[in-house]
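Asks: For reference, the sequence and a predicted model appear below.
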Protein chains: 2
Amino acid sequence: MKSAVYRGPGDVRIEEKPEPELQQPTDAVIRVTHTAICGSDLWFYRGHEEHEEGSGVGHEPMGIVEEVGEDVTSVQPGDRVLVPFAYSCGECEFCRKGIHTACVDGGFFGPHGDETGGAQAEKVRVLHADGTVVRVPERYADDEETLKSLLPLTDVMSTGHHAAVLADLEAGDTAVVIGDGAVGLCGVLAAKRIGAERIIAVGHHEDRLEVARELGATDTVSSRGQEAVEEVLELTHGGANHVLECVGAASALETAAQVARPGGSIGAVGVPHVESADFLQPIFYKNLSFSAGGAPVRNYIEELMDDVLQGTLDPSPILTKTVDLDGVPEGYQAMDDREAIKVMVKVDE
Amino acid sequence: MKSAVYRGPGDVRIEEKPEPELQQPTDAVIRVTHTAICGSDLWFYRGHEEHEEGSGVGHEPMGIVEEVGEDVTSVQPGDRVLVPFAYSCGECEFCRKGIHTACVDGGFFGPHGDETGGAQAEKVRVLHADGTVVRVPERYADDEETLKSLLPLTDVMSTGHHAAVLADLEAGDTAVVIGDGAVGLCGVLAAKRIGAERIIAVGHHEDRLEVARELGATDTVSSRGQEAVEEVLELTHGGANHVLECVGAASALETAAQVARPGGSIGAVGVPHVESADFLQPIFYKNLSFSAGGAPVRNYIEELMDDVLQGTLDPSPILTKTVDLDGVPEGYQAMDDREAIKVMVKVDE
């Protein structure tokens, strides 16, 4: 089968790989119909993260169940399913606590987990299928428009929601969202969905901040560094109680800590690529709460799917470019060049 | 009057300074009867923090009200009072929220705040007396034993309690306390007071860990680095949900993050002296909550005083050495040499 493969910084290729097979009775094999390229894929694409050459890449699959192990009861061949970027058993202490990304028997797709292979591929093996995949109700299972709105739930929409949850955001609150990438924009959507009264999006790209406004941001800040901090402090009369950090870079963490109001909460979901502890000083001196982590997508995906299917949530505007599987290298390039916010890969086209 | 003064690393002297005077109608002048030397004073004593030469030092005063401004209503001359290490207005958004250390009109004693002077002195000026000082009930006001038990409430006991609050510790929980200094030992006391079922104290000094056991630690870990982490992980079968970080050094933050259970909470009250963000990786990969800050002593001091006066809380064992004001330089030396856990200064002896 065809799979996107990492061959070094700036070099992702489509190559032939062996088809995945069932190995455990709890496995499923999914024929991927849709997947995506993630901002976090750019960390290795840009050489900021090391990965083994030849690893499969991608971690946001949606598709059709092709085969299931004999212990799998929640889905059957032919079902359309969403697959979170992390697989999880669904039964351990941490899955029951709703933090499936800490599952004692869990793992990841893409170059972090070669048990599964990458999800920018024709097929993917899902371990612990019952604890991981979520079936799309049959009446929506072939509606392309709905599927495009559901695809971001496999990672970025759930991740934006996680940022809001970690930042203790509730209806009526003011939220500051740091980052205008796909996760930041999903953070805006999540804040809007929760009922935030004011949503201040902070980013560096006018076109993306325009999307942020369309998705619900009431204010946008496009300046950088200290200037951005001062702008937010002025807009919020001294800082926001709820800050969603959706980047993971040092500057984003520092901005998040600086714009938080004393006693406030930061929810940080950007995979951290940070060396300096500078963000710690404002956390300490303002008595902030800083909660971070990879989104437990499996914990959120059903409630978010309900809203997508009802038409009250639609993250599809973040998917600004579509390629087929052969177009994946072009998709990486477009994201690296910031020509696309997020690229959808329609595998079966 | 006599005051301890910073003259450079390793050099604290007793010098003559002008007596403080009322400057605002909300001020009080306190004749200091008891004060203390704090582990955080060692940061400048050891040259890890810069301070202006000639600054008054110390921030943990207890004493007798000598004079009050005309707007002060809560205390009067002759009252025995405890003074938190930070003064606060008591009326702003942050004081009302219980984070007096973020008071918009607040500040600190010691070299951080020359408005007030240092508290290792015969007298100290307290700004916003009504929002800051707490009166000791008259029947206990001259009982030396009670006063020794109350003195640590001005900082370290309230700080240990803050760590427990930030770590979301509740009755029946397991707590890990990082640090066997005065704050760590007060963290043990705070955890015990809250009703933690298991309290694991992590430190480097057998004699202090012995005190930790006397104060309520059920287990102690004296190994260092990765070995200590593994010991705690084994004791807790994979990490603790509540970790009190009571040091502020990089290694302590890293240990705290490494021994936390996925989904757990860290309360960090050690003033951070950290350059590397290494502690961030486990926070992210385990979906931890990290809350940090200087203790809002004024918010806690009354409830803690109630327990001291009832005899159910006694932090006095941490005060292992007593000096008079002239003995303050000797007291710094004893703490720097780790001969004393914490030094009480009896100013009026």
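Replies: Right, received. Where do you want to start?

Asks: Quick check, A:Cys103 in contact with A:Phe94.
Replies: Yes - between A:Cys103 and A:Phe94 there is a contact under Cβ atoms under 8 Å: 5.6 Å. Backbone N, C-alpha and C define where each C-beta goes, glycine included.

Asks: What residue, apart from its backbone neighbours, is nearest the residue in the stretch 51-200 of chain A that chain B sits nearest to spatially?
Replies: Chain B sits closest to A:Ala102 of the stretch 51-200 of chain A, with a gap of 3.4 Å, by Cβ to the nearest Cβ. Spatial nearest neighbour of A:Ala102, chain neighbours left out: B:Pro262 (3.4 Å); criterion: Cβ to Cβ, 6 or more residues apart in numbering or on different chains.

Asks: Do me a favour and get the backbone dihedrals for that neighbour.
Replies: The phi and psi values for B:Pro262, taken as degrees, to the nearest 10, are phi -50, psi 130.

Asks: now do the one 3 residues further on
Replies: Phi and psi for B:Ser265, reported as degrees, to the nearest 10, are phi -130, psi 140.

Asks: Same check on the one 10 residues further on?
Replies: Geometry field for B:Glu275 lists phi and psi as phi -110, psi -40, criterion degrees, to the nearest 10.

Asks: who's in contact with it?
Replies: Residues in contact with B:Glu275 (Cβ atoms under 8 Å, 6 or more residues apart in numbering or on different chains) are A:Ser276, A:Ala277, B:Ala250.

Asks: cool, A:Ile178 as well?
Replies: Contact analysis of A:Ile178 by Cβ under 8 Å, 6+ apart lists A:Gly184, A:Val202, A:Val243, A:Leu244, A:Glu245, A:Cys246, A:Val247, A:Ala252, A:Thr255, A:Ala256, A:Val259.

Asks: repeat for A:Lys17
Replies: Shown in contact with A:Lys17 (Cβ under 8 Å, 6+ apart): A:Met1, A:Lys2, A:Ser3, A:Val5, A:Gly56, A:Gly117, A:Ala121.

Asks: picking up where we left off before, I'd assumed A:Gly98 was in contact with the residue nearest to A:Ala102.
Replies: No - contact criterion Cβ under 8 Å: B:Pro262 and A:Gly98 do not qualify, at 10.9 Å.

Asks: higher neighbour count, these two?
Replies: Neighbour count, other Cβ atoms under 10 Å in any protein chain shown: between B:Pro262 and A:Gly98, B:Pro262 has more, with 22 against 15.

Asks: among the contacts of B:Glu275, which ones are buried?
Replies: Neighbour counting over the contacts of B:Glu275 (16 or more other Cβ atoms under 10 Å in any protein chain shown) leaves A:Ala277, B:Ala250 as the buried ones.

Asks: Out of the contacts of B:Glu275, flag the one nearest to B:Leu319.
Replies: When the contacts of B:Glu275 are compared for distance to B:Leu319 (Cβ to Cβ), B:Ala250 comes out closest, at 28.3 Å.

Asks: Model confidence for the closest one, exactly?
Replies: pLDDT for B:Ala250: 95.

Asks: can you count the residues close to A:Gly10?
Replies: Neighbour tally, A:Gly10, other Cβ under 10 Å: 12.

Asks: Give me the spatial nearest neighbour of it, chain neighbours excluded.
Replies: A:Tyr45 (6.4 Å).

Asks: repeat for A:Phe279
Replies: Per Cβ to Cβ, 6+ apart, closest to A:Phe279 is A:Leu253, 4.1 Å.

Asks: Please, where are all the strands along the stretch 51-200 of chain A?
Replies: Ranges of strands in the stretch 51-200 of chain A, per DSSP state E, counting those that start in this stretch, are A:62-68, A:80-82, A:86-87, A:107-108, A:123-126, A:134-135, A:174-178, A:198-202.

Asks: which secondary structure elements does the fourth one contact?
Replies: Right, strand A:107-108. strand A:86-87 (3 or more Cβ pairs under 8 Å, 6 or more residues apart in numbering or on different chains; DSSP states H and E).

Asks: Show me what the strand it packs on pairs with in its sheet, parallel or antiparallel.
Replies: Partner strands and pairing direction for strand A:86-87 (DSSP bridges) are strand A:107-108 (antiparallel).

Asks: Regarding A:Val259, what are the backbone dihedral angles?
Replies: Note on A:Val259: backbone dihedrals following degrees, to the nearest 10 are phi -90, psi 0.

Asks: Give me the neighbour count for it.
Replies: When neighbours are defined as other Cβ under 10 Å, A:Val259 has 27 of them.

Asks: same check, this time on the one 10 residues further on
Replies: By the criterion of other Cβ under 10 Å, A:Val269 has 33 neighbours.

Asks: okay but it is in contact with A:Ala164, surely?
Replies: No - shown here, A:Val269 and A:Ala164 do not form a contact pair, counting by Cβ under 8 Å, at 9.4 Å.

Asks: okay, the residue of the stretch 51-200 of chain A closest to chain B: pLDDT?
Replies: With respect to pLDDT, A:Ala102 scores 96.

Asks: just the one 4 residues further on next, same as before
Replies: A:Gly106 carries a pLDDT score of 94 in this model.

Asks: ok, how many other residues are close to the closest residue to it other than its chain neighbours?
Replies: In space, and not counting its chain neighbours, A:Gly106 is closest to A:Ser88: 4.3 Å by Cβ to Cβ, 6+ apart. A:Ser88: 27 surrounding residues under other Cβ under 10 Å.

Asks: Please apply the same query to A:Thr218.
Replies: Neighbours of A:Thr218 (other Cβ under 10 Å): 18.

Asks: Next one: it from A:Ala212, what distance?
Replies: A:Thr218 sits 10 Å away from A:Ala212, taking Cβ to Cβ, to the nearest Å as the criterion.

Asks: Over to A:Ser291?
Replies: 23 Å.

Asks: Return the residues in contact with A:Ser223.
Replies: Listed by Cβ under 8 Å, 6+ apart, the contact set of A:Ser223 reads A:Glu231.

Asks: For the stretch 201-349 of chain A, which segments count as strands?
Replies: Secondary structure of the stretch 201-349 of chain A (DSSP E, counting those that start in this stretch): strands located at A:219-221, A:240-245, A:260-268, A:289-292, A:319-324, A:342-346.

Asks: Could you pull out the buried residues of the second one?
Replies: It stands for strand A:240-245. Within strand A:240-245, the residues that qualify as buried are A:Ala240, A:Asn241, A:His242, A:Val243, A:Leu244, A:Glu245, counting by 16+ other Cβ under 10 Å.

Asks: Mind picking the two most distant members of the residues you listed?
Replies: For these, the farthest-apart pair by Cβ to Cβ is A:Asn241 and A:Glu245; their separation is 14.2 Å.

Asks: So which residues on chain A come close to chain B?
Replies: Within chain A, the positions lying close to chain B (Cβ under 8 Å from any Cβ of the partner chain) are A:94, A:97, A:99, A:101-102, A:166, A:250, A:262-263, A:268, A:271-272, A:274-277, A:279-281, A:283-294, A:296.

Asks: Inside helices: which ones of the contacts of B:Glu275?
Replies: The helices, defined by DSSP state H, take in B:Ala250 from the contacts of B:Glu275.

Asks: Is it possible to get JSON lines of the contacts of B:Glu275 that adds distance to A:Lys148?
Replies: Formatted as JSON lines, the contacts of B:Glu275 follow (distance: Cβ to Cβ, whole Å):
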{"residue": "A:Ser276", "distance to A:Lys148": "39"}
{"residue": "A:Ala277", "distance to A:Lys148": "40"}
{"residue": "B:Ala250", "distance to A:Lys148": "46"}
